[in-house]
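Asker: model this:
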Amino acid sequence: MSAETMEVRTLELPLKGFGAPPTAATVEVVVLTPAERLKRAAVMFGVFLVVALVALPIPIIHLFLVPGALLLGVMLSARRLGQAQVFRRVEGPCPFCGAQQTFSIMGPFRLPRQIHCAHCHRALLIESAAE
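Answerer: The predicted model follows:
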């Protein structure tokens with residue numbers, strides 16, 4: 001994924017904590033093209049294919065690891081193929097302690113999404129703006 005072809009959307013979404021007024025979080029979402037999704041899925045399948053090939057000559061282990069790695073590779077690559085949008089970055093102040101931070105969040109863009117404050121360690125929720 002090169003920076004020139006990557007489409008990044010920036011959203012202002014509420015960051016909520018139970019019993020605290022919500023704050024605004026800046027969420028960056030990468031919109032993946034079908035080619036980028038296919039590349040991500042192929043890389044995931046390739047990793048598990050290598051695991052299966054490495055385990056092939058190992059006695060007894062190959063009975064479980066080879067089919068398991070291939071099955072897991074197919075499942076996870078199919079999952080990646082379906083991810084049209086993924087989180088890139090989430091920044092904002094914690095509703096409880098007010099600490100401005102960048103939250104470590106990865107994976108598909110689905111809301112609501114639970115995260116935790118790195119300073120006060122309380123559970124937070126990113127929700128869509130319409131809720």
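Asker: and the closest residue to residue 120 other than its chain neighbours, what is it in contact with?
Answerer: Distances taken as Cβ to Cβ, 6 or more residues apart in numbering place residue 97 nearest to residue 120, at 4.2 Å, with adjacent residues excluded. Where you see a C-beta, it was placed from the backbone N, CA and C, and this is true even at glycine. By Cβ atoms under 8 Å, 6 or more residues apart in numbering, the contact list for residue 97 reads 117, 119, 120, 122.
Asker: now the buried members of the residues you listed.
Answerer: Among those, those classed as buried by 16 or more other Cβ atoms under 10 Å are residue 117.
Asker: and the furthest pair within the contacts of residue 97?
Answerer: 119 and 122 (9.1 Å; Cβ to Cβ).
Asker: common neighbours of those two, please.
Answerer: In contact with both residue 119 and residue 122: 94, 97, using Cβ under 8 Å, 6+ apart.
Asker: re the thing from before, now the residue nearest to residue 120, what are its backbone angles?
Answerer: Note on residue 97: its backbone torsions stand at phi -100, psi -10 [degrees, to the nearest 10].
Asker: which regions of the protein sit below the pLDDT cut-off?
Answerer: 1-5, 130-131 (pLDDT under 70).
Asker: and if we set it to 50?
Answerer: By pLDDT under 50, the low-scoring segments of the chain are 1.
Asker: kind regards, and thank you for your time.
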